[in-house]
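S.K.: quick one, structure for this:
(2 chains)
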Amino acid sequence: MTGRSPVKRGYVRPLNFRDGVVDMGHGAGGRASAQLIEELFVAAFDNPWLRQGNDGAAFSLQLKPGERMVMATDAHVVSPLFFPGGDIGSLSVHGTLNDVAMGGARPLYLSASFIIEEGFALADLKRIVESMGRASRDAGVPIITGDTKVVERGSGDGVFISTTGIGIIPNGVDTGGHRARPGDAILVSGSIGEHGVAIMSKREGLEFETEILSDSAALHGLVAQMLAVAPGLRVLRDPTRGGLATTLNEIAGQSGVGMLLDEAAILVQPQVEAACELLGLDPLYIANEGKLIAICAEEDAQPLLDCMRRNPLGEHAVRIGTVLEDAHGFVQMQTRFGGRRVVDWLSGEQLPRIC
Amino acid sequence: MKYIDEYRDGELAQRIAERIRNEVQPERQYRFMEFCGGHTHAISRYGVSDLLPANVRMIHGPGCPVCVLPIGRIDLAVKLALEDGAILCSYGDTLRVPASGGLSLLRAKAQGADIRMIYSPSDALKIAEANPEREVVFLAIGFETTTPPTALVIRDAAARGLKNFSVLCCHVLTPAAIAHILAAPEQDAAAVELDGFVGPAHVSIIIGSEPYAEFARQYRKPVVIAGFEPLDVMQAILMLVRQVNEGRAEVENEFVRAVGRNGNSAALTLMDEIFELRESFEWRGLGEVPFSALRIRAEFAAFDAEKRFDLHYRAVADNKACECGPILRGQKKPTDCRLFGSVCTPENPMGSCMVSNEGACAAHYAYGRYKDIEVVAV
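M.R.: Reported below is the predicted structural model:
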């Protein structure tokens, strides 16, 4: 972000957050840009790095032996921008924090870049940016640098937010998708499908009477507790786009193993199940934004489940299956009905623009 | 979920499975066709085949509306969107059906066509009202289940005097297709012999159980109308086994909670008001089937996209290696096709059976593939 002028400026009319809109000038790098940054972004994200007003944020890190760093980035284009249980702002913080956390890392800093469409209401932008600020403070991870661009009307869809995060992976921790081994237990931190269905429920013409809230949440706290119990945890992954089924297929492919799931163990909230029935969707393929999949050695499974269940974000953690030896990498499922089937990759897209 | 879980109960399934095992005659083969894609999907998704004895084989029928839509029909829709600049609305699955020239509606969209995915025909009507300066065409597909809603929007559009809305009608009829499949063995030695039908669920809610009586009698094949839940399918299979064992060929109704003898008379009257029979219609896989589809009556010609845009249907042959035809007729299994799982996958469907998750190939690819190759026992 470009900084404030050190010279005292003349009077500038404050931004009209009631019914003003973003115009091309807000992204042109001039006074209007500086004003937007100062009155909105610096105010909402407030931290020493932003207050310095430099183009980048400088910081020093001291890594202990064996510690590694992780960096993750995520672009957010969700439509609608506001949905039950969250908005694009909080989602853009949680999404990237979770990607860092799934590396087994403790997140340190975030960056954020905004692509805003000309004519976007400043009131909505403020709501989004304040929600981001809240999410970042709650997570204890500051947004220390960023960028704002404005594109012409029709070239965007309100606002797109891209965030990047960095963090430190403790010595000895490796949670990559290649580490699942036959016999390992597959755990999930709770019920699935809420985020995708919450988005769907707000889309034009598809409103349900019962409000389904997105599960959008930052999971690094839960991950830290899990790693304290089981530092040898083999795989961590958040089942976002493509849902549980697609994520498990990714892991099976990376590790060269198969999996057998127990359909009866997989939790789906009744209202999510009902919405899926109605829309012909399968909760296994619906995005989550506050759930994680953990794959661990058999002996770690129970201690991990106990630990997860003590955290509200893992309250309903369950074991859903076991890793198998299978060169074809099939994820199979024992159906509640008594049969067996493949749980395949998602083909095509089930829902448009969900994160 | 209440009223759903009851029909997916694993314990009950085991009990019905046991009855089927006890009642099948070991020396006999039972080949039943489930006509509807909804049944195909339920069988695959819940693993129903795993509960059946080896001599009870389910053959997937052509009852997936997307799968039987011929290439030439999609081409018409693509033309409307790309060349005539219409806003083309259709159901999600239709958008991925392969058309000529490597196109599909989805790919036409990427080339700039205005294609909208809708959940209900009334959404298409709303789009037409919101865009009075544009032509809006609803590509209407499906069996008798989706026909009444199409009839309703045509009637509404007429009542509201809409000038920019029309329907490309591709609605097809179930009884005609079943009769066509049953008549096939008389003409074609390679055609599959069937021992009975699992009759349509939702279609039968509209048309009732009566229309099946004629061919049950004529071809001496038992029909059991069944719901789309896995227990419905299991129960229907048991009922079919009993009919075969007892030498009966009747129409029985397992789906009594929704299907009556005469169907939904209000829907049937409405359909009759708006549509009339086509003399012949090309089905993908089945070819030309006489009196098997509907067109919009002359009184509503203003809402008929074929008349409005002077469209002429041109048949387009499938990829030579594609076995969708024999698969839709029950003569071949998806794995008999050389393209299956190699160049033809749900991501890149060559034939229509791979497009919809109700299609025989897509269902087998997504849910049953592991059965084709050796998988480590658990």
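S.K.: what comes up buried for stretch B:335-354?
M.R.: Neighbour-count burial for stretch B:335-354, with 16 or more other Cβ atoms under 10 Å in any protein chain shown as criterion, is recorded at B:335, B:337, B:339-341, B:344-346, B:349-354. Every residue, glycine included, has its C-beta placed from N, CA and C.
S.K.: just stretch B:195-212 next, same as before
M.R.: For stretch B:195-212, using 16+ other Cβ under 10 Å, the buried residues are B:195-209, B:211-212.
S.K.: pLDDT at the residue in the stretch 51-200 of chain A that chain B sits nearest to, what is it?
M.R.: Residue of the stretch 51-200 of chain A nearest chain B, by Cβ to the nearest Cβ: A:Pro182 (8.7 Å). If you check A:Pro182, the pLDDT there is 97.
S.K.: B:Pro149 and B:Ser122 touch, don't they?
M.R.: Yes - with contact defined as Cβ atoms under 8 Å, B:Pro149 reaches B:Ser122; the gap is 7.5 Å.
S.K.: just checking, A:Glu315 touches A:Arg309?
M.R.: Yes - counting by Cβ under 8 Å, A:Arg309 is a contact partner of A:Glu315 at 5.9 Å.
S.K.: residues from chain B in reach of chain A?
M.R.: B:1, B:4, B:8-10, B:13-14, B:17, B:44-51, B:96, B:119-120, B:123, B:230, B:345-347, B:362, B:365-370, B:373, B:375-376, B:378 (Cβ under 8 Å from any Cβ of the partner chain).
S.K.: domains of chain B?
M.R.: B:5-63+B:175-253, B:71-173+B:263-308 (automatic domain parsing).
S.K.: export the buried residues of stretch B:335-354 to a markdown table and tack on secondary structure?
M.R.: Output for the buried residues of stretch B:335-354, formatted as a markdown table (DSSP: H, G, I helix; E, B strand; the rest coil):
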| residue | secondary structure |
| --- | --- |
| B:Thr335 | helix |
| B:Cys337 | coil |
| B:Leu339 | coil |
| B:Phe340 | strand |
| B:Gly341 | coil |
| B:Cys344 | strand |
| B:Thr345 | strand |
| B:Pro346 | coil |
| B:Pro349 | coil |
| B:Met350 | coil |
| B:Gly351 | coil |
| B:Ser352 | helix |
| B:Cys353 | helix |
| B:Met354 | helix |
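S.K.: and those, which is closest to chain A?
M.R.: So of those, ranked by how close each gets to chain A (Cβ to the nearest Cβ), first place is B:Pro346, at 3.4 Å.
S.K.: surely the closest one is in contact with B:Met354?
M.R.: Yes - contact criterion Cβ under 8 Å: B:Pro346 and B:Met354 qualify, at 6.0 Å.
S.K.: tell me, what's touching the two both at once?
M.R.: When contacts are counted by Cβ atoms under 8 Å, 6 or more residues apart in numbering or on different chains, B:Pro346 and B:Met354 are jointly contacted by B:Ala362, B:Tyr365.
S.K.: can you map out the helices along the stretch 201-350 of chain B?
M.R.: B:202-207, B:213-219, B:230-246, B:265-274, B:305-308, B:324-328 (DSSP state H, counting those that start in this stretch).
S.K.: just put those helices in CSV and tack on distance to A:Leu40.
M.R.: What follows is these, written out as CSV (distance: least, Cβ to Cβ, whole Å):
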stretch, distance to A:Leu40
helix B:202-207, 52
helix B:213-219, 71
helix B:230-246, 54
helix B:265-274, 55
helix B:305-308, 49
helix B:324-328, 56
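S.K.: I'd like these as CSV, with mean pLDDT appended.
M.R.: Listed next are these as CSV, based on pLDDT from 0 to 100:
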stretch, mean pLDDT
helix B:202-207, 95
helix B:213-219, 90
helix B:230-246, 97
helix B:265-274, 97
helix B:305-308, 97
helix B:324-328, 81
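S.K.: report how many residues lie close to residue 17.
M.R.: Using chain A here. Using other Cβ atoms under 10 Å in any protein chain shown, A:Phe17 has 15 other residues around it.
S.K.: please go with chain B instead
M.R.: B:Ala17 sits with 20 neighbouring residues when counted by other Cβ under 10 Å.
S.K.: now swap in A:Gly119 and tell me
M.R.: By other Cβ under 10 Å, 15 other residues sit near A:Gly119.
S.K.: correct me, but it touches A:Glu152?
M.R.: No - A:Gly119 lies out of contact with A:Glu152 (Cβ under 8 Å); the separation is 9.2 Å.
S.K.: which neighbours do these two have in common?
M.R.: By Cβ under 8 Å, 6+ apart, no residue touches both A:Gly119 and A:Glu152.
S.K.: how about the strands of chain B, start to end?
M.R.: Applying DSSP state E to chain B gives strands spanning B:30-36, B:56-63, B:87-90, B:115-117, B:136-142, B:165-171, B:196-199, B:223-225, B:251-253, B:275-277, B:280-283, B:287-290, B:294-296.
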